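Student: Pasting the sequence and the predicted model now:
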Amino acid sequence: MLGLDQIVPTQADNEQFIVWGAIGLVLFTAVYLLSRIVTPWFFKSYRSLSTEDKRNWDDRYISNLHALSLLYLASKYVIFDEYFWKQGEVPVTLRTNGESYICMGISCSYFIVDFLVCAFHPSFGGFAILAHHVGSIITLVYAWHDRQGHFQIMFSMLMELTTPFINARWFLDKMGLKQSPLFVANGLVLILTWVVGRLYIFYPFYSTVFSLRHEWQLMSWRMGSILAIMPVVLLILNVIWFSKILRGALKVLGIGRAKSGKDLHKME
């Protein structure tokens, strides 16, 4: 049994959101800006890209950094640790710890930086990405302020499993490797991870949420509303984006006729 002293956050835990949010803002901004200086040393194809594509390339570095950070922290506490699963005096929906605040601080800072980048470069994802980022920032800030819903949010962060493969697809395309076996292999892995990490994941997610339905009344109305609406929106977006990925995969494999269009946008 987890006791109150093991679950209730201290002020130091709560401050981790601000500390790591500030660190994230500096780190993500620095990586984005330094990329244009460092990347040409290692990738000659970067130099021949348009200015818009160069900025997209730079932005995908911070996307990968954000995804890998969240995957480590979220998988640690949702999959490999019993912190959120053990019975205890505090309901699961109200449990937090220092790591959950760190995770949310990092994620919030990334969405702020990426929102600004995407706002200046609409071709990076358009309104859908901007709306996604605004919703994510609001959710994370309220979760920090209200100290609720950390388990559900960290569960949803496991969806970042697909991000490195989405970005790898874009990088390989811009490096002229779209016809290579590596591009095909990455595409197949992307489809697999998307099915598992962006579609199937909603089954255990909603099963867990349903099993905790008696705890929802303990949360504030705004966190309850956000956690009820945002996963549904994410599921809809994931299905739409998956249809685009599938059409792209069929085109690469030469199955059916695919319409020409823009590159697959970065999907967080």
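Tutor: All right, it came through fine. Residues are numbered from 1 along each chain as shown.

Student: Can you show me the strands along the stretch 151-268 of the chain?
Tutor: Along the stretch 151-268 of the chain, counting by DSSP state E, counting those that start in this stretch, no stretch forms strands.

Student: give me the low-pLDDT residue ranges for it?
Tutor: 252-268 (pLDDT under 70).

Student: switch to 80 and redo it
Tutor: 248-268 (pLDDT under 80).

Student: Please, where are all the helices along it?
Tutor: Taking DSSP state H, counting those that start in this stretch as the criterion, the stretch 151-268 of the chain carries its helices at 163-174, 181-194, 202-211, 221-252.

Student: Packed most tightly, which of these would that be?
Tutor: Most buried of the helices of the stretch 151-268 of the chain, by mean neighbour count (mean count of other Cβ atoms under 10 Å): helix 163-174, with a mean of 20. Just so you know, the C-beta spots here come from the backbone N, C-alpha and C atoms, and that holds for glycine as well.

Student: packing partners for it?
Tutor: Counting contacts by 3 or more Cβ pairs under 8 Å, 6 or more residues apart in numbering; DSSP states H and E, helix 163-174 is packed against helix 51-78, helix 181-194.

Student: Out of those helices, flag the one nearest Tyr142.
Tutor: helix 51-78 (18.1 Å; Cβ to Cβ).

Student: between that closest one and helix 202-211, how big is the angle?
Tutor: In terms of direction (axes from the mean of the first three to the mean of the last three Cα atoms, to 10 degrees), helix 51-78 departs from helix 202-211 by 50 degrees.

Student: and helix 51-78, how far out from the chain's middle?
Tutor: 8 Å (Cα atoms, centre = their mean, to the nearest Å).

Student: Taking their axis directions, it and helix 163-174 sit at what angle?
Tutor: Using the same axes, to 10 degrees: helix 51-78 against helix 163-174 is 160 degrees.

Student: which secondary structure elements does helix 51-78 contact?
Tutor: helix 11-42, helix 98-120, helix 150-156, helix 163-174.

Student: residues of stretch 135-147 that come out buried?
Tutor: For stretch 135-147, the neighbour count (16 or more other Cβ atoms under 10 Å) marks Gly135, Ser136, Ile137, Thr139, Leu140, Tyr142, Ala143, Trp144, Arg147 as buried.

Student: related to what we said a few turns ago, between the helices and strands packed on helix 163-174, which one is nearest to Thr208?
Tutor: helix 51-78 (9.5 Å).

Student: Would you reformat the helices and strands packed on helix 51-78 as CSV and include distance to Gln87?
Tutor: Shown next, in CSV, are the helices and strands packed on helix 51-78 (distance: least, Cβ to Cβ, whole Å):
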stretch, distance to Gln87
helix 11-42, 21
helix 98-120, 19
helix 150-156, 14
helix 163-174, 34
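
Student: out of those, which comes closest to Leu70?
Tutor: helix 98-120 (6.0 Å).
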